[in-house]
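Enquirer: structure for the following, please:
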Amino acid sequence: MNASARAVIFAGPSLPPAFRPTDWALEWRPPARQEELYQAALTRPEIIGIIDGYFEITPTAWHKEILRAMAQGIHVYGSASIGALRAAELHSFGMKGVGRIFEAYRDGVLFDYDEVAVLHGPEEVGYPAVTAAMVNIRATLDEAVAKGVLNSWLVAELTGIGKGLSYKERNWDAILRVASGRGLPPMPLNDLRAWLPTRQIDQKRVDALEMIAAIRAHLATVVAPLTVSYRFRDTGYHQIAAKRFL
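Expert: Just a heads-up that it's a prediction; the model follows:
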């Protein structure tokens, strides 16, 4: 084991500070913004892990940043949120995806960014989620069927309602309110309302913790530099952006 091996992890609401393992080899950073993966790669970690990242309100981390890091021999993992999306898009180039959300994107079961998008509070208060991620809603409804709380027909209706809401407005109260307004059966909706407080599945957090476990296991070995099958090419646009840090 290389005692100095370390990983830089970009995380926010999917894995708040209270749920992160204490490990000197893990360097935690806020959700990734565009060009921050360049900066992380400059510090030469053995591994970069991407869980959360910003989009819409600020430019999203580029694929090119990840490709460049991997071409430099850095292992890049992705899971749970924007990390799962990027891993699904770049797994054939060597990015390592972890978890059910990554697998769903990789296999074409999921496509949309809004599946993992949430509104959340700032880092100073631990990134509290304000809305519910669609992937967590899906996982929770699957669990409700497995536990006999709902039938498959009603789950399909509730899933459609959730998907029809903007990610900025998506939460269980809104879903149940729309369902009641559409005249869906009140008894199972009441059963679900009573069941939700203690039985919700946070698939994003499950996947994020699985990725952290995989990274820690990797760091516990001799971490050889990643070898990629592609030749990284500096495009003009990339060169202009990279000059700010390289």
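Enquirer: walk me through the domains of this structure.
Expert: Following the assignment in automatic domain parsing, the chain carries domains at 7-117+203-230, 131-199.
Enquirer: pull up the distance across the first one, start to finish.
Expert: Going back to what we said before, that points to domain 7-117+203-230. Across its full length, domain 7-117+203-230 reaches 23 Å between end residues, using C-alpha to C-alpha, to the nearest Å.
Enquirer: again, but for the last one
Expert: The straight-line separation of the ends of domain 131-199 (C-alpha to C-alpha) is 17 Å.
Enquirer: cool, and stretch 58-67?
Expert: First-to-last residue span, stretch 58-67, C-alpha to C-alpha: 21 Å.
Enquirer: what comes into contact with that stretch?
Expert: Stretch 58-67 is contacted by residues 32-38, 41, 50, 53-54, 76, 82, 86, 89-90, 93, 95, 230, 232, 235, 238, 241 when judged by C-beta atoms under 8 Å, 6 or more residues apart in numbering. Where C-beta positions appear, they are placed from N, C-alpha and C, glycine not excepted.
Enquirer: with stretch 184-203 instead?
Expert: If you take C-beta under 8 Å, 6+ apart as the criterion, stretch 184-203 is touched by 80, 99-101, 133, 135-136, 138-140, 142-144, 147, 149-151, 154, 157-158, 172, 176, 179-180.
Enquirer: what about 6 Å?
Expert: Contacts made with stretch 184-203 from outside it, assessed by C-beta atoms under 6 Å, 6 or more residues apart in numbering, are listed as Val135, Asn136, Ala139, Thr140, Glu143, Val149, Leu150, Leu154, Trp172, Leu176, Ala179.
Enquirer: ditto for stretch 163-181
Expert: Asp114, Ala117, Leu119, Thr131, Ala132, Leu158, Ile161, Gly162, Leu189, Leu196.
Enquirer: look at Trp62 and report its pLDDT.
Expert: Looking at Trp62, its pLDDT is 87.
Enquirer: can you give me the first-to-last residue distance of stretch 218-233?
Expert: Taking C-alpha to C-alpha, the first and last residues of stretch 218-233 lie 28 Å apart.
Enquirer: quick one: it to chain centroid distance?
Expert: The chain centroid and the centroid of stretch 218-233 are separated by 22 Å, computed with C-alpha atoms, centre = their mean, to the nearest Å.
Enquirer: helices of this protein, start to end?
Expert: With DSSP state H applied, the chain shows helices at 36-42, 63-71, 82-90, 100-106, 134-146, 152-164, 172-181, 186-199, 203-219, 236-242, listed in chain order.
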